[in-house]
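S.K.: Okay, predicted coordinates and the sequence, questions at the end:
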Amino acid sequence: MKVTIDNIAIEVDEGTTILEAARKIGGKIVPPAMCWYSKLKGSGGKCRTCLVRVAQSSAFEFFTWDG
Amino acid sequence: MSNRIDHKLYSKENKKVEFSAETLMQIRKIIAHYPDDRQKSALLPVLHIAQQELGGYLSVDVMDYVASLLSLEPIEVYEVATFYSMFFLEPVGTFVIEVCETGPCAICGSDYIVNHLEKILGIKTGDTTPDGLFTLKTVECLGSCGTAPVMQINTVFHESMTPEKIDLLISELRNKNNKPSESRWAELF
Amino acid sequence: MGRIILTEKIGIPGIDEISVYRDNGGYSVLQKVLKDMMPADIVREVTKSGLRGRGGAGFPTGLKWSFLDRKTDKPRYLVCNADESEPGTFKDRYLMEKLPHLLIEGLIISCYALGVKTCYIYVRGEFKSILGILKKALEEAYHQRFLGTNILESGYSLDVFLHPGGGAYICGEETAMLESLEGKRGNPRIKPPFPAYKGLYDCPTVVNNVETLATVVPIIEMGGENYARIGKGKSTGTKLISACGNINKPGVYEIEMGLPVEDFIYSEEYCGGIKNGKRLKAVVPGGSSVPVLPAELILRTLKGKQRLMTYESLSEGGFDSGTMLGSGGFIVYDEDACMVRNTWNFTRFYRHESCGQCSPCREGTAWMEPVLRRIEHGEGKYSDIDLLVSIADKIEGNTICPFGDAAAWPVSSAIRHFRHEFEFHIEHPEIVKNTDHGSLIEYPESSIQYR
């Protein structure tokens, strides 16, 4: 499905988080993240460093809030 | 225990600690309050009991003993003991005086109470008197703002304090050289 | 003179004992409930009454109860929030000390309504004497078959247990309380999932304040619609307000919603006016977490309407010129109080009590507190004021739980309404360092014309 972050569009699979999509694009738009460790289940989302603003709600319905 | 971080606060003395048979029975009743595999919930009540009956503070030996009692890893006990402000990890005096310093008590003069106590006990906030009788601390809101300024001595509240009342109280406590008579945590749950 | 519902029987000697309580009509509501009413009836009555959570959030209780997940096989829990640590609030302690059986009766009725078999009362650790009182009351209730298996031959069974806190304000937040009940550090959880779905031990849970649960008894007794007739608008019924600060008669008062704030502060029936004949400077009506308002805005709104003790009236004006009813911890400041010192005091409280999970709150409070300390001790700079506003702005809304907002609101509201005090501190460091300076600050012409 298509997702637009800071006017850059990208194709991602369902269930991808916003953080992972941003990292796929790379560069300056990637939000910083401190508490996410991919190998630890349930990590991420706690330290609030990766908070972003979501402009149009239809894109994020398949994404999790955390990162 | 390998991989334990050595910190001056966490020096294990390897002293044997144990609850009395009566306390153990009461603890087993408390554990039964919670669902079958959830005895970790009993950690907070048991730590209160341990602090009261095993030396007045939670040494590493005591915390390890509690961990083995509740089938927990020691770190699970350490992390809880360091989070809550009522648990002391270093030795304290017989009487722990805690003066509330938050909003309503502050505008009703808790500063004067703290200064007065520092003067007559001869110590600064956070210290214990040399004779080991009194420890002075400041704490956050004790939930009795209507009778400010408020302080608690070993969880017994003393309200509407004035310097005169303090003088009376301290001299009373000095004459009561042994442990203050207060209810046992083990009987409260 | 408003209606007194909750604390009606408080003057009767020995009312904390079950025999005296029963002689005065106690537990009769429970008996009626178990005989004649179904759980759905009770939820309906509570919804009709318009009861709102008395712990501070003011969320409609009937609505909260309707969220409880009843489709699952997992056991359901009710947790009574008796972790009263909000500065300025001491009404729950009063209620539990004088009328423990009212709370227990309300608990049993609520548990019956929600289909709960196990209930925990989470009492803050410093309230050791309250734990003793509640333990004795629970034993009396068990003895008279109001608790335990097959209560009063109705087929309904319930167990109520006491659980102590350890001295952490954050455990008053519902998910932090659930974490603490599970024996862990009191770190709030991210919501969703809500406790009504996955709460204590991942089972559906409802967390309610002491006063809310105690109010269930009079609601069922008089009927939800009759309760809704008392009060004003969407703030129905009565509320316990714990008044403290520089007033003549601090204490817990039960007021009917809709009482004018001016009457509450000055009438002999309630606070009795400001101590030593001083003038009113500011009020925090709902515990330290709500915005502080100066005298002219707490008695009247910006548009000149008289302010009443209701959720709606106090919130009128948003955060620009309004505040919130919150928990009802009414702190009154007279003209000698220094608002900067008070803001520093509250921020120090929030810094100490922050759980530390999320960066905005942990770093924000740890940043604001030294800045405020410098200003209060005469070492502030002009840029500090805008710095504080920007930090508070960055904390608000970006945290896991409302604690961050609660830490930011006192600072932003104090600067919004008392900017001149902050500027005075920066302009006159010698005066601030060496004197009790609360009353020395020059006021702009328009304010403080009240007695």
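M.R.: Here it is on my side, so go on.

S.K.: got the contact list for B:Gly146?
M.R.: B:Gly146 makes contacts with C:90, C:242-244, C:250-252, as judged by CB atoms under 8 Å, 6 or more residues apart in numbering or on different chains. (Each C-beta comes from the backbone N, C-alpha and C, glycine too.)

S.K.: What about those, which are in strands?
M.R.: C:242-244, C:251-252 (DSSP state E).

S.K.: From these, pick the one nearest chain A.
M.R.: C:Ser242 (32.8 Å; CB to the nearest CB).

S.K.: Tell me the confidence at B:Ile166?
M.R.: The confidence metric pLDDT takes the value 90 at B:Ile166.

S.K.: Now it. Nearest residue, chain neighbours left out?
M.R.: With CB to CB, 6 or more residues apart in numbering or on different chains as the criterion, B:Ile166 has its nearest non-adjacent residue at 5.9 Å, and that residue is B:His116.

S.K.: So the residue of chain B found nearest chain C versus C:Arg185, what's the distance?
M.R.: Proximity of chain B to chain C (CB to the nearest CB) peaks at B:Tyr84, 2.8 Å away. Relative to C:Arg185, B:Tyr84 is positioned 8 Å away (CB to CB, to the nearest Å).

S.K.: re earlier: which two from the ones in strands among the contacts of B:Gly146 end up farthest apart in space?
M.R.: C:Cys244 and C:Val252 (9.7 Å; CB to CB).

S.K.: The two: who's more crowded?
M.R.: The residue with more neighbours, out of C:Cys244 and C:Val252, is C:Cys244; 27 against 21, by other CB atoms under 10 Å in any protein chain shown.

S.K.: Might you report the residue contacts of C:Leu95?
M.R.: Contacts of C:Leu95 by CB under 8 Å, 6+ apart are C:6-7, C:102-103, C:210-211, C:214, C:240.

S.K.: And those residues, which is closest to chain A?
M.R.: C:Val210 (29.9 Å).

S.K.: Count the neighbours of that closest one for me.
M.R.: With other CB under 10 Å as criterion, C:Val210 counts 27.

S.K.: what's the closest non-adjacent residue to it?
M.R.: Leaving aside its sequence neighbours, C:Val210 sits nearest to C:Asp92 (CB to CB, 6+ apart; 4.1 Å).

S.K.: what number of residues lie near residue 41?
M.R.: I'll assume chain A. 7.

S.K.: that's the wrong chain, I wanted chain C
M.R.: 14.

S.K.: That one belongs to a helix?
M.R.: Yes: applying DSSP: H, G, I helix; E, B strand; the rest coil, one finds C:Asp41 inside a helix.

S.K.: Identify the residues contacting C:Tyr27.
M.R.: C:18, C:21, C:101, C:105, C:144, C:146.

S.K.: typo on my end, C:Leu6
M.R.: C:95, C:99, C:102, C:211, C:214-215, C:218, C:238, C:240, C:254.

S.K.: can we see that at 6 Å?
M.R.: Residues in contact with C:Leu6 (CB atoms under 6 Å, 6 or more residues apart in numbering or on different chains) are C:Glu254.

S.K.: Helix, strand, or coil at it?
M.R.: coil.

S.K.: and C:Ala408, which of the three is it?
M.R.: C:Ala408 is classified as helix under three-state DSSP.

S.K.: Measure how buried it is and give me the count.
M.R.: Counted with other CB under 10 Å, C:Ala408 comes out at 29.

S.K.: Around chain B, pick out the residues from chain C.
M.R.: C:84-85, C:87-88, C:90, C:93, C:125-126, C:128, C:131-132, C:135, C:161-162, C:164, C:166-168, C:181-183, C:185, C:244-245, C:250-251, C:288, C:331, C:337, C:345-346, C:349, C:352 (CB under 6 Å from any CB of the partner chain).

S.K.: And those, which of them are buried?
M.R.: C:84-85, C:87-88, C:90, C:93, C:125-126, C:128, C:131, C:135, C:161-162, C:164, C:166-168, C:181-183, C:185, C:244-245, C:250-251, C:288, C:331, C:337, C:345-346, C:349, C:352 (16 or more other CB atoms under 10 Å in any protein chain shown).

S.K.: Could you list which of those residues belong to strands?
M.R.: Filtering those for strands - DSSP E - leaves C:161-162, C:164, C:244-245, C:251, C:331.

S.K.: Farthest pair within these?
M.R.: Taking CB to CB, no two of those sit farther apart than C:Phe161 and C:Gly245, at 36.0 Å.

S.K.: Show me where chain A dips below the pLDDT cut-off.
M.R.: A:42, A:55-67 (pLDDT under 70).

S.K.: quick one: the strands in it?
M.R.: Under DSSP E, chain A gives strands at A:2-5, A:8-11.

S.K.: one step back: buried among the contacts of C:Tyr27? Make that a ChimeraX selection.
M.R.: Buried members of those, defined by 16+ other CB under 10 Å, are picked up in ChimeraX with:
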select /C:18,21,101,105,146
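
S.K.: buried set for the helix or strand of chain C with the lowest mean pLDDT?
M.R.: Least confident helix or strand, chain C: helix C:429-434 with a mean of 81, by mean pLDDT, DSSP states H and E. Residues C:Val432 are the ones in helix C:429-434 that count as buried (16+ other CB under 10 Å).

S.K.: Show me the contact partners of that helix.
M.R.: C:378, C:425, C:437.

S.K.: Counting neighbours, what do you get for the last one?
M.R.: Other residues near C:His437 number 20, with proximity taken as other CB under 10 Å.

S.K.: For it, list the residues it contacts.
M.R.: Taking CB under 6 Å, 6+ apart, one finds C:Ile431 in contact with C:His437.

S.K.: Now residue 33. Nearest residue, chain neighbours left out?
M.R.: No chain specified, so I'll use chain A. A:Cys50 (4.3 Å).

S.K.: you looked at the wrong chain, it should be chain C
M.R.: Nearest one to C:Val33, counting by CB to CB, 6+ apart, is C:Ile109 at 5.4 Å.
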